[in-house]
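S.K.: sharing a sequence plus its predicted fold:
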Amino acid sequence: MVKELICGLILALGLGSAANALDNPPEPGKTPTVAMPVTISSQEIIQDGNRYRLPRPPGKYNDGTDLKLTNEVNEAPRGEPMRILAQPSVAQEVPSTNKKDRDSGKYHWHPYEAWNYCHYHEGDRQWYGWRTGETFHWVLWKSGRFWWHDSYAERWLYFDRGYWWWQGSKKPVEIQVYLEDRHYHACDANGVLGDDLLETGTEEVVGEPVAKTTPYPTPVGKLGDLNSGSGLGHGMGGF
């Protein structure tokens with residue numbers, strides 16, 4: 001059951017990766033594309049103005065091993081753990097795990113092969129996290145998806161098919177995708193990328209304009225699909 005749960009968690013967060021594609025030069029004449037975005041209802045969206053404090057990172061494993069970790073709040077979770085959590089089977093098992101781990105405020109560890117995932121809930125907020133070196137990554141489970149809060153841009157992003165997405169509240173619906181360069185990019189209903197919104201200065205944010213301190217090259221060409229093998233972004237390391 002635990003293995004099926006973790007596999008499911010991996011599906012819910014999405015399959016696919018852009019990492020390999022980012023290393024390959026673009027084909028001449030190719031329009032930059034990503035996976036086709038999925039719009040979600042206003043009832044499912046976590047409003048950007050919501051503020052949920054991250055749980056403290058766990059201090060021990062189930063076996064009593066001490067951990068000295070700090071929460072990672074600046075980097076979007078990527079890599080193999082996200083690929084695993086994004087698998088569809090995970091989405092099916094998460095509700096069962098949420099019910100089984102009844103004790104609020106307690107860290108519930110669920111091993112999956114070489115990975116150890118931690119489930120923590122407080123009230124109706126269900127958090128899932130994992131360790132990377134000396135840091136701990138948390139994602140929030142809500143409305144059948146995993147979410148990450150970009151504290152700098154003051155936005156909630158949802159994970160789907162290997163990418164982190166932001167959906168605006170205005171009509172018509174605006175979709176932006178957060179890529180490896182740490183910029184938001186416009187994206188149409190077919191997954192065709194538009195402007196790098198940081199470069200154009202038209203990125204819609206709740207607070208101050210988003211200016212990432214360490215920009216990466218803007219991706220061009222086709223950015224991968226659902227069948228690509230590696231996780232999105234850099235690897236997350238062992239536990």
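M.R.: Received it, and whenever you're ready, just let me know what you need. Here the structure is a predicted model, which is why all the values come from computation and not from measurement. Numbering: from 1, shown residues only.
S.K.: pLDDT weak spots in this protein?
M.R.: 1-30, 113-114, 201-239 (pLDDT under 70).
S.K.: nearest residue to the middle of it?
M.R.: Phe159 (4.5 Å; CA atoms, centre = their mean).
S.K.: that one touches Gly144, doesn't it?
M.R.: No - between Phe159 and Gly144 there is no contact under CB atoms under 8 Å: 11.3 Å. (Glycine included, C-beta is placed from N, CA and C.)
S.K.: show me where the chain has helices.
M.R.: 2-13, 19-23, 80-85, 88-100, 197-200 (DSSP state H).
S.K.: what is the fourth one packed up against?
M.R.: In this case it means helix 88-100. helix 2-13, strand 115-122, strand 125-132 (3 or more CB pairs under 8 Å, 6 or more residues apart in numbering; DSSP states H and E).
S.K.: okay, now Gly59: neighbour count?
M.R.: By other CB atoms under 10 Å, 11 other residues sit near Gly59.
S.K.: what's the residue nearest to Leu157 when sequence neighbours are not counted in contact with, if anything?
M.R.: With sequence-adjacent residues excluded and distances taken as CB to CB, 6 or more residues apart in numbering, Leu157 is closest to Trp164, at 4.2 Å. The contact partners of Trp164, by CB atoms under 8 Å, 6 or more residues apart in numbering, come to Ala76, Trp148, Leu157, Tyr158, Val177, Tyr178.
S.K.: where's Gln47 relative to Trp147, distance?
M.R.: 11 Å (CB to CB, to the nearest Å).
S.K.: shared neighbours, those two?
M.R.: With CB under 8 Å, 6+ apart, Gln47 and Trp147 have common neighbours Trp156.
S.K.: which residue ranges of the protein form strands?
M.R.: Taking DSSP state E as the criterion, the chain contains strands spanning 70-71, 108-112, 115-122, 125-132, 135-142, 145-150, 155-160, 163-167, 175-178, 184-187, 193-196.
S.K.: need these in TSV with distance to Tyr61, can you?
M.R.: Formatted as TSV, those follow (distance: least, CB to CB, whole Å):
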stretch	distance to Tyr61
strand 70-71	17
strand 108-112	6
strand 115-122	7
strand 125-132	9
strand 135-142	12
strand 145-150	22
strand 155-160	25
strand 163-167	28
strand 175-178	31
strand 184-187	36
strand 193-196	41
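S.K.: how about those, which one is nearest Met82?
M.R.: strand 155-160 (6.5 Å; CB to CB).
S.K.: between the closest one and strand 145-150, how many degrees?
M.R.: 150 degrees (axes from the mean of the first three to the mean of the last three CA atoms, to 10 degrees).
S.K.: and strand 155-160, how far from the chain's centre?
M.R.: 6 Å (CA atoms, centre = their mean, to the nearest Å).
S.K.: which residues does that strand contact?
M.R.: So strand 155-160 is contacted by 12-14, 35, 37-38, 40, 45-48, 50, 76-77, 82, 85-86, 139, 145-150, 164-167, 178, 205-206 (CB under 8 Å, 6+ apart).
S.K.: show me how to select, in ChimeraX, the buried members of those residues.
M.R.: Selecting only the buried entries of these in ChimeraX, with 16 or more other CB atoms under 10 Å as the criterion:
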select :12,13,14,35,37,40,45,46,48,76,77,82,85,86,139,145,146,147,148,149,150,164,165,166,167,178,205
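S.K.: thinking again about what came up before, Gln92: which of the contacts of Trp164 is nearest?
M.R.: So of those, ranked by how close each gets to Gln92 (CB to CB), first place is Tyr158, at 17.6 Å.
S.K.: who's that closest one bridged to?
M.R.: Trp147, Trp165 (DSSP bridges).
S.K.: look at it and say how many residues are nearby.
M.R.: 25.
S.K.: ok, now how distant is it from Tyr112?
M.R.: Tyr158 is 22 Å from Tyr112, by CB to CB.
S.K.: fine, thanks again, bye for now.
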